[in-house]
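Engineer: this is the structure alone, sequence omitted:
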């Protein structure tokens, strides 16, 4: 599932660069995929360091990531003038991405060989 998310992220970025991405994809595609990608990297680092595919990230960590990403990208950066725009719906996309990560990626594996 992670490689699919990575391909989707690259496709969104390419479509945005060409100006051919639909408006809702440009506005919320990155927000939706952000936490599943970031949390998957964190999960992989933990699994590699613990040498256990059974490890899963506690739900609190993902919820904390939703809050921190929301504060950083929807409160702090828009105020600093960095080409960011505050959008409360983006926080819902972070939450949806976290829930997707919990349901599909944050599951113990029987055999784990250190690959994503």
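Structural biologist: Cool, the structure landed. The shown structure was predicted, so the numbers you read here are calculated from the model rather than taken from an experiment.

Engineer: thought residue 9 was touching residue 30?
Structural biologist: Yes. Here residue 9 reaches residue 30: they are 7.2 Å apart, a contact under Cβ atoms under 8 Å. Placement of C-beta: from N, CA and C, glycine included.

Engineer: pLDDT score for the residue nearest the centre of the chain?
Structural biologist: Nearest residue to the geometric centre of the chain (Cα atoms, centre = their mean): residue 35, 1.7 Å. Listed pLDDT for residue 35 reads 96.

Engineer: tell me which helix or strand comes right after the lengthiest helix in the chain.
Structural biologist: The longest helix of the chain (DSSP state H) is helix 23-50. Moving toward the C-terminus from helix 23-50, the next helix or strand (DSSP states H and E) is helix 59-71.

Engineer: ok and that following helix relative to helix 23-50, angle-wise?
Structural biologist: The directions of helix 59-71 and helix 23-50 differ by 140 degrees, with axes from the mean of the first three to the mean of the last three Cα atoms, to 10 degrees as the criterion.

Engineer: now do helix 59-71: which elements does it pack against?
Structural biologist: Other helices and strands packing on helix 59-71, by 3 or more Cβ pairs under 8 Å, 6 or more residues apart in numbering; DSSP states H and E, are helix 23-50, helix 88-100.

Engineer: which helices and strands sit right next to the longest one?
Structural biologist: In terms of contacts (3+ Cβ pairs under 8 Å, 6+ apart), helix 23-50 is packed against helix 2-18, helix 59-71, helix 88-100.

Engineer: how about those helices in TSV, adding mean pLDDT?
Structural biologist: What follows is the helices and strands packed on helix 23-50, written out as TSV (pLDDT from 0 to 100):
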stretch	mean pLDDT
helix 2-18	89
helix 59-71	96
helix 88-100	96
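
Engineer: rewinding a little: most packed of the helices and strands packed on helix 59-71?
Structural biologist: The highest mean neighbour count among the helices and strands packed on helix 59-71, using mean count of other Cβ atoms under 10 Å, belongs to helix 88-100: a mean of 18.

Engineer: quick one: residues in contact with that one.
Structural biologist: Residues from elsewhere that reach helix 88-100, judged by Cβ atoms under 8 Å, 6 or more residues apart in numbering: 27-28, 31-36, 39, 62-63, 65-66, 69-70, 73-74.
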